[in-house]
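Chemist: Sharing a sequence plus its predicted fold:
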Amino acid sequence: MSSTPEGSSKAKGRPAQAKGKADRPAPAPAPTQQPTGFKSGFACFVGRPNAGKSTLTNALVGQKIVITSSKPQTTRHAVRGIVHRPDSQLILVDTPGLHKPRTLLGQRLNDLVKSTWAEVDVIGICLPASDKIGPGDRFLVAEAAKVAKTPKVALATKADLVEPERMLEHLTQIQELGEAAGIEWAAIIPVSATSGFQVDLVTDELIQLLPDGFALYPDGDITDEPEETLVAELIREAALEGVRDELPHSIAVTIDEMGLREDRPEDKPLLDIYANIYLERDSQKGIVIGHKGARLREVGAEARRQIEALLGTPVYLDLHVKIAKNWQTDAKHLRKLGF
Ligand SMILES: Nc1nc2c(ncn2[C@@H]2O[C@H](COP(=O)(O)OP(=O)(O)OP(=O)(O)O)[C@@H](O)[C@H]2O)c(=O)[nH]1
C-alpha cells in the first residue's frame, strides 16, 4: 500500500515506533539542544460520552485530528495529539467515554480507557457545565481516584453554554465531587473548546504537571495516528451525520487501498482512496445509501472535503457499503475491523 506524497500531510511524520508510554519513542533530536527545564509527557481527557473530550483535544492541538459528533461514543481509538511549545511537549491521548458496557465492543473500549489512565502523567476530567453532575460522573471520578498518584485536573467543559451563576454552582459541585472521591484537584478550569475560552490555560496547567524530559516527537508532528486511520475516521464522521438510534454504533469504516494515482504531473497529484462502510444489518443499508444513492454521495463529498483539508491533496474517494453481521458482538469481525 502506498502512502501520500512527502510533505502533503499536515499530520506528518508519525513515528512508527510510538504506540504507548511503555514503549515511548526514543527521544528525538540531540538532548543537548533542549533548553534545561524542558517538560514533556502524556495527558488524557476522560469523561462520560459526549463530554467534549475530542473537541478539546483538537482545540489544544489547533487542528482537527479527532472526529467529533453529537452522538455519544464517537471515539473508538486512543489518538495522540501533540502540542509543541518552545519549552515543552504535551502529548494528548484521547480515549472513548467510559460507560456501562453492553456489548463486547463496549467492554473493550472500557478496558482501553483504564489502561490509558494508568500510563499518563496527568488526567484531565471533563465535566460539561451544560449537564448536571450525575451517577456516570461519580462512577468515573471514583474510578479515576484509584489511579491515586497521577495528578488530576477538573475541566468544566462547554463553558460557552452556561451563565456565570450556573458555572459557579458547577464549580462548587466539582469541588465537592473531588472531596467525596478523595481527589485533590490540581486545578479546576472552566473551558470552551468551541469558543477557545481558556484553552491556552488548560494547556499551561497540563504542561506544568508534566515531568522534566526531552521532546518525544519531532517538531511539527501533531499526531502519530496513521494517515489511513485518520482518513477512515473522517469517513465515519461524515457517515454518522444525520443518522439516529442504534445506527451510529453500527457504522465502522475500513480502507482497502490508499495511494497516489500514477502518471499524474507532480504539481497535480490525486490521492485514490478505496474505503468500505460496514453496517450490521441489511436493513441499515437503505438509510446510509439513500434514495438512488443520494445520501452516500453526500457522505462521500463531505468526507472528501475533510480529507483534502487534512492532507492538502485532491482526493478521489470510492465508497462501498458492506454488511458485517452483528460485528459489535462478534470477536472475528471486531479483529477484522481493527478493535
Ligand atoms: N457549545 C459547545 N459544544 C461543545 C464543546 N465541546 C464539545 N462540544 C460539542 O459536544 C458534542 C460532543 O463533543 P465530543 O468532543 O465529540 O465529545 P467526546 O467527549 O469526545 O465524546 P465521545 O467520543 O462520545 O466520548 C459535539 O457535538 C461537540 O460539538 C464546547 O466547548 N461548547
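Modeler: Received it, and whenever you're ready, just let me know what you need.
Chemist: so the residue in the chain sticking out farthest from the centre, which of the three states?
Modeler: Relative to the mean C-alpha coordinate of the chain, counting by C-alpha atoms, centre = their mean, the farthest residue is Asp263 (35.6 Å). Recorded secondary structure, Asp263: coil (DSSP: H, G, I helix; E, B strand; the rest coil).
Chemist: Angles on the backbone of it, please.
Modeler: phi 60, psi 30 (degrees, to the nearest 10).
Chemist: Also the one 10 residues further on?
Modeler: Comment: the main-chain dihedrals of Ile273 come out as phi -130, psi 120, following degrees, to the nearest 10.
Chemist: Now for it: which residues touch it?
Modeler: Shown in contact with Ile273 (C-beta atoms under 8 Å, 6 or more residues apart in numbering): 231, 255, 257-258, 307, 315-318. All C-beta spots, glycine's among them, are computed from the backbone N, C-alpha and C.
Chemist: looking at the sheet around it, what are its partners?
Modeler: For Ile273, the beta-bridge assignment (DSSP bridges) gives partners Met258, Leu317.
Chemist: Report pLDDT for it.
Modeler: pLDDT, Ile273: 96.
Chemist: Produce a PyMOL select command limited to the buried residues of the contacts of Ile273.
Modeler: The PyMOL selection below is limited to those of those classed as buried (16 or more other C-beta atoms under 10 Å):
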select buried, resi 231+255+258+307+315+317
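Chemist: now, the most widely separated pair of the contacts of Ile273?
Modeler: Across the contacts of Ile273, the longest distance by C-beta to C-beta is 14.3 Å; it joins Glu257 and Ile307.
Chemist: Using a markdown table, lay out the contacts of Ile273 together with pLDDT and distance to the ligand.
Modeler: Converted to a markdown table, those look like this (pLDDT from 0 to 100; distance: C-beta to the nearest ligand atom, whole Å):
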| residue | pLDDT | distance to the ligand |
| --- | --- | --- |
| Val231 | 91 | 18 |
| Ile255 | 91 | 21 |
| Glu257 | 91 | 28 |
| Met258 | 92 | 24 |
| Ile307 | 91 | 19 |
| Val315 | 96 | 24 |
| Tyr316 | 96 | 28 |
| Leu317 | 97 | 23 |
| Asp318 | 96 | 27 |
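Chemist: still on that earlier bit, confidence score at the residue farthest from the centre of the chain?
Modeler: At Asp263, pLDDT is 89.
Chemist: Check Gly20 too.
Modeler: Reported pLDDT for Gly20: 35.
Chemist: Then Cys126?
Modeler: 95.
Chemist: OK, contacts around it?
Modeler: So Cys126 contacts 45-47, 51-53, 56, 155, 157 (C-beta under 8 Å, 6+ apart).
Chemist: Surely Asn326 touches Glu280?
Modeler: Yes - contact criterion C-beta atoms under 8 Å: Asn326 and Glu280 qualify, at 5.4 Å.
Chemist: quick one: which of these two has more around it?
Modeler: Here Asn326 and Glu280 are compared on neighbour count by other C-beta atoms under 10 Å; more neighbours surround Glu280, at 21 against 12.
Chemist: all helices of the stretch 151-300 of the chain, in order?
Modeler: If DSSP state H, counting those that start in this stretch is used as the criterion, the helices of the stretch 151-300 of the chain fall at 164-181, 199-208, 227-240, 247-250, 285-289, 294-311.
Chemist: Of these, which stretch is the most buried?
Modeler: helix 227-240 (a mean of 23; mean count of other C-beta atoms under 10 Å).
Chemist: for it, packing partners?
Modeler: If contacts are counted by 3 or more C-beta pairs under 8 Å, 6 or more residues apart in numbering; DSSP states H and E, helix 227-240 sits against strand 252-260, strand 271-279, helix 294-311.
Chemist: try 10 Å this time
Modeler: strand 79-85, helix 247-250, strand 252-260, strand 271-279, helix 294-311, strand 315-323 (3 or more C-beta pairs under 10 Å, 6 or more residues apart in numbering; DSSP states H and E).
Chemist: what residue ranges in the stretch 1-150 of the chain score low on pLDDT?
Modeler: Applying pLDDT under 70 to the stretch 1-150 of the chain flags residues 1-36, 66-79, 94-102, 105-106, 109-110, 112-113.
Chemist: Who is His84 paired with across the strands?
Modeler: Gln89.
Chemist: Pull the number of nearby residues for it.
Modeler: 16.
Chemist: show me the contacts for it.
Modeler: By C-beta atoms under 10 Å, 6 or more residues apart in numbering, the contact set of His84 is 61-62, 90, 215, 217-222.
Chemist: ok, it to the ligand distance?
Modeler: Counting by C-beta to the nearest ligand atom, to the nearest Å, the gap from His84 to the ligand is 22 Å.
Chemist: need the contact list for the closest residue in space to Asp282 that isn't next to it in sequence.
Modeler: Of all residues not flanking Asp282 in the chain, Ile323 sits nearest, at 5.9 Å (C-beta to C-beta, 6 or more residues apart in numbering). If a contact means C-beta under 10 Å, 6+ apart, then Ile323 has 250, 278-285 as its contacts.
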